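Participant: here are the coordinates; sequence isn't available:
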């Protein structure tokens, strides 16, 4: 289990720099999302943690099956896959209010989600300190319960997709490698360290680092040319973050993850390093990505 393994602090984690200490080492930068992209964790976390914790926190057992099915649609199998947990929560609660029952003080959560520069437990706690709200307090309790549930997931539920370590090792020989994730930072560090992936990375930027677009912007500001930066991701938010920064995007396709990582090693990475990624290959990959996620439709 996680706790027995986490008892010791590994040296490799110390080598993963904080943003304030991060310096460009190579000419190229490859950013990699964690959940659902490098780590096969999305289904387990949403099936067993996110959705069920929401049902319990808001007392929605009467409509459990319908609500969990919809939660999974929003967060796993459509263009909103990988949405920030609090944005997904606000969206789900809005539908619940419209279809099933009133959610007390829901506008307070929606306003915070729309306006907060950082969407994390810490930022939410600070917001509660400034404006007490039952919905904000329940959202924080839900998020903390999710983190606890994730920690208790069986070890066999948390592992990298086949080919990920090989791909990261190959990438790290050629480029600086950054984890850019909207997941909980401690969970990302634990999962990547446990499976030997941290040794192939230079920096971890997670939920507490800001949006993915902001993270990529911060990293590219360390001296990388835009056409020397690549974002690997499985969700529309990863594509958007890449395009907002004018950098390349390589998709890890849902239900075709192993194949995607194989192609990254044999074609994506070589093209990126050779400067030919944008010669039609990027457009082809973007098209495949949108078609794979619900035919390009969004919710």
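Facilitator: Looks like it came in fine. No experiment lies behind these values; they were computed from the predicted model shown.
Participant: residues in contact with residue 257?
Facilitator: Residues near residue 257 by C-beta atoms under 8 Å, 6 or more residues apart in numbering: 37, 40, 161-162, 234. (C-beta placed from N, C-alpha, C; glycine too.)
Participant: could you do residue 223 as well?
Facilitator: Contact analysis of residue 223 by C-beta under 8 Å, 6+ apart lists residue 24.
Participant: run the last query once more with 10 Å
Facilitator: Contacts for residue 223 (C-beta atoms under 10 Å, 6 or more residues apart in numbering) come out as 23-24, 27, 29.
Participant: show me which of those residues are buried.
Facilitator: Taking 16 or more other C-beta atoms under 10 Å as the criterion, what is buried in the contacts of residue 223 is 24, 29.
Participant: taking the contacts of residue 223, tell me the two that lie furthest apart.
Facilitator: 23 and 27 (13.1 Å; C-beta to C-beta).
Participant: and the strands in this structure, which stretches?
Facilitator: 29-32, 176-180, 203-205, 229-233, 248-251 (DSSP state E).
Participant: got a list of contacts for the shortest one?
Facilitator: Right, the one you point to is strand 203-205. The contact list for strand 203-205 (C-beta under 10 Å, 6+ apart) reads 13, 16-19, 21-23, 29, 31, 34, 176-182, 185, 188-189, 192-193, 198, 209, 212, 214-216, 218-219, 222.
Participant: average pLDDT for that strand?
Facilitator: Here strand 203-205 scores 96 as its mean pLDDT.
Participant: off-centre distance for it?
Facilitator: Strand 203-205 sits 12 Å away from the centroid of its parent chain (C-alpha atoms, centre = their mean, to the nearest Å).
Participant: quick one on the thing from earlier: so what sits against both of residue 23 and residue 27?
Facilitator: Residues touching both residue 23 and residue 27 (C-beta under 10 Å, 6+ apart): 176, 223.
Participant: where are the low-confidence patches of the protein?
Facilitator: 1-17, 294-299 (pLDDT under 70).
Participant: so where's the longest helix in it?
Facilitator: Looking across the chain with DSSP state H, the single longest helix is helix 134-151.
Participant: show me what residue 180 is bridged to.
Facilitator: Per DSSP bridges, the residues bridged to residue 180 are residue 205.
Participant: I'd assumed residue 82 was in contact with it.
Facilitator: No - between residue 180 and residue 82 there is no contact under C-beta atoms under 10 Å: 11.5 Å.
Participant: quick one: contacts for residue 93?
Facilitator: Under the criterion of C-beta under 10 Å, 6+ apart, the neighbours of residue 93 are 54, 58, 60, 103, 106, 109-110, 135, 138-139, 142.
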